[in-house]
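> my questions are about this predicted structure, shown below with the sequence.
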Amino acid sequence: MLEVKLHDIGEGMTEGEIIHYLVKVGDSVSTDQPLVEVQTDKMIAELTSPCSGIVKQIIIEAGETVKVGTSLIYIEAHDAVRTEQKTQPERNQNVKKQDFQSNEQVKKSSQNTFSRILAAPYTRKIARENNINLEDVQATDPSGKVTEEDVYRFLKGQKTEKESVKIVPQVTSTKETPDEIPFKGIRKKIAEKMTKSLFTIPHVTHFDEVNMTNLFKMREDLKASGESIGVSAFLIKALVISLKDFPIFNAELDEVNSRILLKKNYHIGLATNTESGLIVPVLHDADKKSIKDIHKEVKGLTERAIAGKLQPFEMQNSTFTVSNVGPLGSTGATPIINYPETALIAFHKTKKRPIVNNHDEIVIGHIMTLSMAFDHRVADGATAVAFTNRFASLIEQPHKLIMEMI
Amino acid sequence: MVVGEISQQRNLIIIGGGPGGYSAAIRGAQLGLSVTLIEQADLGGVCLNKGCIPSKIFTHAATKRSETKHLQDLGIGNGDDAFYVNKLLTYKDKVIAGLRAGVESLCKENQIEVISGKATFLGVDRIGVENGHQFDIFEFEQVIIATGSTPMMPLGLKEKGERILLSHEIFEIEEIPPHLIVNGQDYIALEVASSFAALGSKVTILFDDKGDTFDESINKELNRLFKRRKITVYKDVQLISTNETESEIAITFTNKNVEETITGSHFFLTGIRTPNVEPLGIKRIGIVQSDEGFIQVDGNMQTSIPSIYAIGDVTEGSLMAIKAIKQGKAAVEAIAGRKPEVDLTFLPIVAHTIPPIVSVGLTEQNARNFGMEVRVSQFPLAGNGYASITGKKDGFIKVIADSTTEIISGIHMIGEGAIEMSGTFVQLLEMAAKEEDVKFPLYAHPGFSEGLLEAVEGLIGQAIHIAPSKKKTLLKV
């Protein structure tokens, strides 16, 4: 019998909510077949079957939130080797062990890899005596070396799970009670991140206007020739080019070591509104991608973010974040920086406005407002203005983008 | 022989009083079990009486004799290195008798019942013990088979005359062979070649092509030292035949596919070892065995029959006393309801050559074959102060570490002090120690253990006693 446990799917998750089982008891499953959907504080993930076999029991009901390491499903593997442990020496000695498998047989099957247990003998002893498989214990040390503390923490986790009693909230019918929304999951994570950012970084936000008229014309020309590219792809391209000219905004302040790290990668976070809250998928290496590729990739990332199907790596390592709230409306905001980045830019709704052109005539222009928040510890206002000026010039004269093609 | 009707009741019976068996018996007594130990010959087994202990008497004598020149340099003696093998054999018998008496008295003090005789299984819960005309039947709750193994001629070489010596015979020899030909690659063959060369034999060693016992660098250094000591080395040898006459023995073999014949006075070969299972009659009761007859056991040393355990040479895996001792204790602890574990990943491979060799953990080749990102450092003992004082400057310490996690994955040493330092090596590996765990502590100065410190410092090019230019080339290794 194999237990399928909730394991850490990435980003150091500690618990997850069981959304939905994709199999039921009695089902025959194959290796890697999705078994259950789990919602973590960042995404929805599928856990797959480690072997082929039959689903014997579903232990945790859908809707429950459980800790990493909790057994969810029992599967009887097809060619299962039973490894039940004998507790007392059996007196009935005529019975031969049916499940006998020698040590050497086990060893020979794993001879192609160096199977070493990264734990000191005493740590191994504690695990052994508590029937803990060291492989189930998550190491705090990045090398994977499991310590006594790790084992004790694992043990404590198991115990509190067993001991925890569900508290049924008391409902009094005489008083009107407010509706409750559980403060957990993505909502709680957002709260933590925002608090951390705002209490750490002295934010400054400045606003600017960008004339989108020429860009819109260029888009229409492209559309007429069969290429339909969204505005955001151009905005991201122009942004990355500007970041290269002003690397201080693609940076991270490392306070511990008193240094500012200018990042060489241009991973653009894309703040995305989903049903469960704000999620930031990341467009990696935006500087190495064409406008067309950016368009395609942004579309894919946004769709997966809304569907809750992002992979952990698709949400990691952003160096600068963009919040494109234009489609929703608004003319300005004071956005909070995606800590530990240095700056964040929000694009607002593009509106038709009377503008004065080069010939002092009043004409209709497409004007977008933007809000640029930056870390005043790292950069100053003048630099930020120069940065957005550079950005605006690329958008207002989009043919300049061609000059920057690699 | 009369098969008795009455059987006697016993709790735990251990068959075989070698290091595995007697360690199991004593640990059993310590855990409050009632233990009966059956031995057909002498307590201590092959290890004490024929193997580990006698061989180390010879390697010790060889090491001492090789120091004659150095002692003279120190102003001690006149350089006379006369050697009387009979005196050594007397010394050997005395040491063995002393150690054996020690084991016997320990068994007594621990109230272990020691029965002399040959054991045979009569069923899954009873054995018969034969001693001359006496035959007793014992019923047991658990039994541990610890009957060991016997060296055999390798398949293909059938005749065995007096000039062919196996590992249990060579250390009983009454004359130092004028020309000893040694075949094998393992630690026993290396010890025999090294020791007899130092005791006055002309030695030729035939390495077979069965792969390396040690890290490539150690094989190279050993080769160099063997050649310096005028030991003739043939590599990639495959034995074809032996021809023994009254005065000599001729060995025919292929060396790199060319057939060759050499003659010597005696021929030592490690040979193969076969488990001592035949007389036990375990096939009858259906204990699962490997193709070669070794008993198969699980992690608790339990055989396919739950009441029967097996440990040491009679089980699969390496044929080492350390393995037997560890397994013996584990089996008894499992029987007593404890949760033992035996992990042989960091079993040290030791050879009492001149100088000695120790190997623990991954070799550099293995690490690279496993696709690990490693860094490697080799510290020559020529750079160690204590090696200069003692005149033991040959050899080195080599350390292999994971370059990302800095966890040490292998330590290899050829050089003086290797046997004693192996304890530190295995502890570091078992603790999954990182480089800093070696670099932080303080080491006796001057001492060989400083060599380990410098080998680890050398992983990042910071060994003090290696010149910078040399450091670079070493790091590239």
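Okay, I see it. The shown structure was predicted, so the numbers you read here are calculated from the model rather than taken from an experiment. Residues are numbered from 1 along each chain as shown, chains lettered A, B, ... in the order given.
> tell me the first helix or strand C-terminal of the longest strand along chain B.
Across chain B, the longest stretch assigned as strand under DSSP state E is strand B:232-244. Next along the chain after strand B:232-244, taking DSSP states H and E as the criterion, comes strand B:249-255.
> now that next one: buried residues?
For strand B:249-255, burial by neighbour count (16 or more other Cβ atoms under 10 Å in any protein chain shown) applies to B:249-251, B:253. C-beta here means a position set from N, CA and C on the backbone, and glycine is covered the same way.
> chain A: which of those residues is nearest?
Using Cβ to the nearest Cβ, residue B:253 comes nearest to chain A of the buried residues of strand B:249-255, at 30.1 Å.
> got the buried residues for the longest strand of chain B?
Per 16+ other Cβ under 10 Å, strand B:232-244 contains these buried residues: B:233-234, B:237, B:239, B:242, B:244.
> and what of stretch A:115-124?
By 16+ other Cβ under 10 Å, the buried positions in stretch A:115-124 come out as A:116-120, A:123-124.
> who in the stretch 101-250 of chain A is up against chain B?
For the stretch 101-250 of chain A, the residues in contact with chain B (Cβ under 8 Å from any Cβ of the partner chain) are A:101-105, A:112-121, A:124-125, A:128-129, A:142-145.
> in the buried residues of stretch A:115-124, find the pair that's most separated.
Farthest-apart pair in the buried residues of stretch A:115-124 is A:116 and A:123; separation 13.6 Å (Cβ to Cβ).
> show me what contacts the spatially closest residue to residue B:287 that is not a sequence neighbour?
Distances taken as Cβ to Cβ, 6 or more residues apart in numbering or on different chains put residue B:303 closest to residue B:287, at 4.9 Å, once the chain neighbours are dropped. Applying Cβ atoms under 8 Å, 6 or more residues apart in numbering or on different chains to residue B:303 gives the contacts A:100, B:145, B:287-288, B:295-297, B:309-310.
> 6 Å instead, please
By Cβ atoms under 6 Å, 6 or more residues apart in numbering or on different chains, the residues touching residue B:303 are B:287, B:295, B:297, B:310.
> which regions of the chain lie under the pLDDT threshold?
In the absence of a named chain, this looks at chain A. Along chain A, the model assigns pLDDT under 70 to residues A:8-12, A:41-42, A:78-99, A:105-113, A:160-175, A:406.
> wrong one, chain B
B:1-5, B:158, B:210-212, B:469-477.
> can you list the residues of it near chain A?
B:124-125, B:296-299, B:304, B:306-307, B:316-317, B:339, B:341, B:345, B:370, B:405, B:407, B:430-432 (Cβ under 6 Å from any Cβ of the partner chain).
> among those residues, which lie within helices?
Among the residues of chain B next to chain A, the residues falling in helices (DSSP state H) are residue B:430.
> filter the residues of chain B next to chain A to the buried ones?
Neighbour-count burial (16+ other Cβ under 10 Å) applied to the residues of chain B next to chain A gives B:124-125, B:296-299, B:304, B:306-307, B:316-317, B:341, B:405, B:407, B:430-432.
> if I look at the nearest residue to residue A:244 once chain neighbours are set aside, how far off is residue A:263?
Among residues not flanking residue A:244 along the chain, residue A:287 sits closest, at 6.8 Å (Cβ to Cβ, 6+ apart). Noted for residue A:287: a distance of 11 Å to residue A:263, by Cβ to Cβ, to the nearest Å.
> one more: residue A:219?
Distance from residue A:219 to residue A:263, by Cβ to Cβ: 30 Å.
> same question, residue A:61
Residue A:61 sits 44 Å away from residue A:263, going by Cβ to Cβ.
> next: residue B:79.
72 Å.
> give me the more crowded residue out of these two.
Shown here are residue B:79 and residue A:263; by other Cβ atoms under 10 Å in any protein chain shown, residue A:263 has more neighbours (17 against 10).
> sorry, back to before: next, the angle from the longest strand of chain B to strand B:249-255.
Strand B:232-244 and strand B:249-255 meet at an angle of 130 degrees, taking axes from the mean of the first three to the mean of the last three Cα atoms, to 10 degrees as the criterion.
> which other residues reach strand B:232-244?
Contacts of strand B:232-244 (Cβ under 6 Å, 6+ apart): B:161, B:163, B:204-209, B:223, B:226, B:250-256.
> can I see the domain layout of chain A?
Domain assignment for chain A by automatic domain parsing gives A:2-116, A:121-161, A:203-402.
> check the offset of the second one from the chain's centre.
Okay, so that is domain A:121-161. Domain A:121-161 sits 27 Å away from the centroid of its parent chain (Cα atoms, centre = their mean, to the nearest Å).
> likewise the longest one?
Centroid separation between domain A:203-402 and its chain, computed with Cα atoms, centre = their mean, is 20 Å.
> what about it, how long is it end to end?
34 Å (Cα to Cα, to the nearest Å).
> residues contacting the closest residue to residue A:378 other than its chain neighbours?
Spatial nearest neighbour of residue A:378, chain neighbours left out: residue A:342 (4.9 Å); criterion: Cβ to Cβ, 6+ apart. By Cβ under 6 Å, 6+ apart, the contact set of residue A:342 is A:249, A:251, A:375, A:378.
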